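> Quick one: sequence plus predicted model below, questions after.
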Amino acid sequence: MILTIAHIMWLALWRDRGALMLAFVLPPLMFFVFAEVFSGTGEDELEMRVALLDSAETPATVVLFDAIHALDGLLPGEHSARDRHDLEAMVRAGRFDAAVWIRAEPDADLDADAPIVVIADASRALAASVVSGRLQALLQTSFPELGIARAVALVDVLAGPYTHEQQLALDDALAGLDRDRAARGLGDGNALASPDGLIERRMLTGAAVADDGISYYAGAVAILFLLFSAMQGAISLIEERDSGIVDRLVAGPGGYGVVVFGKGLFLTALGLAQAAVIFASAWWFYGIDWPGRFGPWLVTALLAAAVSAWLGLLLASMCRSRQQATTASAFAVLILSAIGGSMMPRFLMPGWLRDLGWLTPNAWVIESWQDIFWRDVGLQDLVPGWSVLLGIFLVAMALTLWRAGGLARLK
């Protein structure tokens with residue numbers, strides 16, 4: 001009897017080719033996506049988009065600038081920064097993960113400010129650590145004389161001035177390092193000195209009162225659960241078709257399309273309420289200024305809820321069984337959330353996945369809420385993201401209502 005029950009279930013799965021594909025084709029595809037998302041999160045593998053600026057423009061800083069520009073793992077972008085303020089604006093707007101500003105020629109002056117400044121947004125603190133670490137490795141391996149010169153100056157301050165003979169010997173040693181570096185080419189050799197004091201980190205704080213990252217994950221978690229909730233709620237389309245309720249609904253005023261539209265309206269309202277609960281918690285426990293930015297938040301939340309609702313209904317209208325819908329909805333939500341930044345910030349992903357994330361609603365919703373709560377941008381800067389979400393909503397709604405006609409005729 002046990003084997004008979006198992007055989008019956010296998011036959012049901014075998015006859016449902018859609019469910020069969022979801023059971024055996026999508027799992028390895030999901031593995032591939034998650035492997036790509038998370039395999040590049042090690043600090044050594046991360047690719048950081050950086051803006052570069054050489055304010056000193058001396059022969060020495062030009063060489064240093066070129067070495068940084070060619071450094072593995074840093075992806076310099078095209079930009080036209082005139083000064084530090086331009087760099088900070090680019091980083092704050094999210095165009096770059098970090099910026100490197102060479103503000104002076106590195107020397108042994110311990111009283112001067114650090115000649116190299118790494119600028120990063122406080123919400124992307126890891127980017128500052130990664131870029132700083134790679135710059136330190138570059139200075140140690142390709143410009144060891146800079147660190148040695150500062151170490152020599154520190155010893156001079158702590159232990160007294162060098163004798164004339166000692167100073168000549170140090171000068172000769174540093175000159176020899178310079179010649180050796182020129183002969184070897186940049187990037188060769190081992191670490192010879194620590195470049196402490198050569199690099200300074202400058203973290204840009206946002207408008208949010210909350211701890212760094214709270215506003216990001218409030219949005220990331222909100223859109224994740226909005227999608228999950230909408231996908232599960234939309235499965236009722238299939239249940240009504242299988243139970244024969246569709247036949248009675250089609251005979252009502254407006255046909256089945258009115259029923260589908262009513263479901264979309266309910267799921268949108270439910271998603272809006274869920275987003276409100278999440279951001280109210282972020283406001284109450286972490287200090288995010290939710291009441292002060294309620295208007296822009298409401299527009300984004302309404303669009304996010306509508307997109308989630310109608311994507312869920314569209315997916316349900318394309319499935320022929322509850323098993324198909326359950327598996328496909330879980331797959332869709334996990335993939336969209338992984339690529340779109342709900343599970344981890346997109347700046348930690350490989351470059352091609354980071355760009356692919358713009359095809360998901362998650363990325364647009366998260367960035368819109370980041371603009372509102374962290375970057376505190378104006379309404380005109382929110383319009384592009386809102387327009388994309390509105391477009392996704394309208395297309396998904398139109399396709400679902402079109403599918404609803406065919407869905408009603410299946411019985």
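Nice, thanks for sending it over. Residues are numbered from 1 along each chain as shown.
> Enumerate every residue touching I68.
L52, L74, P76, V100, L135, L138 (C-beta atoms under 8 Å, 6 or more residues apart in numbering). C-betas here are computed from N, CA, C, even on glycine.
> cool, and S368?
G219, T300, L382, G385, W386, L389.
> Of those, which belong to helices?
Among the contacts of S368, DSSP state H puts G219, T300, L382, G385, W386, L389 in helices.
> What's the separation between the closest residue in space to R103 that isn't next to it in sequence and T61?
Spatial nearest neighbour of R103, excluding adjacent residues (C-beta to C-beta, 6 or more residues apart in numbering): S55 at 5.0 Å. Separation of S55 from T61 (C-beta to C-beta, to the nearest Å): 8 Å.
> what's the overlap in contacts for those two?
Among the neighbours of S55, those also in contact with T61 (C-beta under 8 Å, 6+ apart) are I102, A104.
> Is D83 in contact with A89, as I believe?
No: counting by C-beta atoms under 8 Å, D83 stays clear of A89, with 10.1 Å between them.
> Between the two, which has more neighbouring residues?
The residue with more neighbours, out of D83 and A89, is A89; 14 against 11, by other C-beta atoms under 10 Å.
> Show me what the strand or helix carrying the more buried one is packed up against.
Applying DSSP states H and E as the criterion places A89 in helix 84-92. Counting contacts by 3 or more C-beta pairs under 8 Å, 6 or more residues apart in numbering; DSSP states H and E, helix 84-92 packs against strand 48-54, strand 98-102, strand 116-121, strand 199-204.
> what comes into contact with the shortest one?
Outside of strand 98-102, the residues that reach it under the criterion C-beta under 8 Å, 6+ apart are 48-56, 61, 64-65, 68, 81, 84, 87-88, 90-91, 115-120, 124, 127-128, 130-131, 135.
> just for the stretch 251-400 of the chain, where's the confidence low?
Scanning the stretch 251-400 of the chain for pLDDT under 70 picks out 251-256.
> What's the mean pLDDT across stretch 117-130?
Stretch 117-130 shows a mean pLDDT of 84.
> hmm, I was thinking of stretch 84-91
86.
> for that stretch, which positions count as buried?
R84, L87, E88, M90, V91 (16 or more other C-beta atoms under 10 Å).
> What about L336, how many residues nearby?
22.
> what's the spacing between the closest residue to T205 other than its chain neighbours and R49?
What sits nearest to T205 in space, not counting adjacent residues and going by C-beta to C-beta, 6+ apart, is A122, at 5.0 Å. Separation of A122 from R49 (C-beta to C-beta) stands at 17 Å.
> Between these two, which is the more surrounded one?
R49 (20 against 16).
> Show the model's pLDDT score for the more buried one.
Residue-level pLDDT assigned to R49 equals 87.
> Could you do the one 5 residues further on as well?
Turning to D54, the model gives it a pLDDT of 88.
> Give me the distance between it and G133.
For D54 relative to G133 (C-beta to C-beta), the value is 21 Å.
> Could you check which of the two is surrounded by more residues?
For D54 versus G133, neighbours defined as other C-beta under 10 Å are more numerous around D54 (18 against 15).
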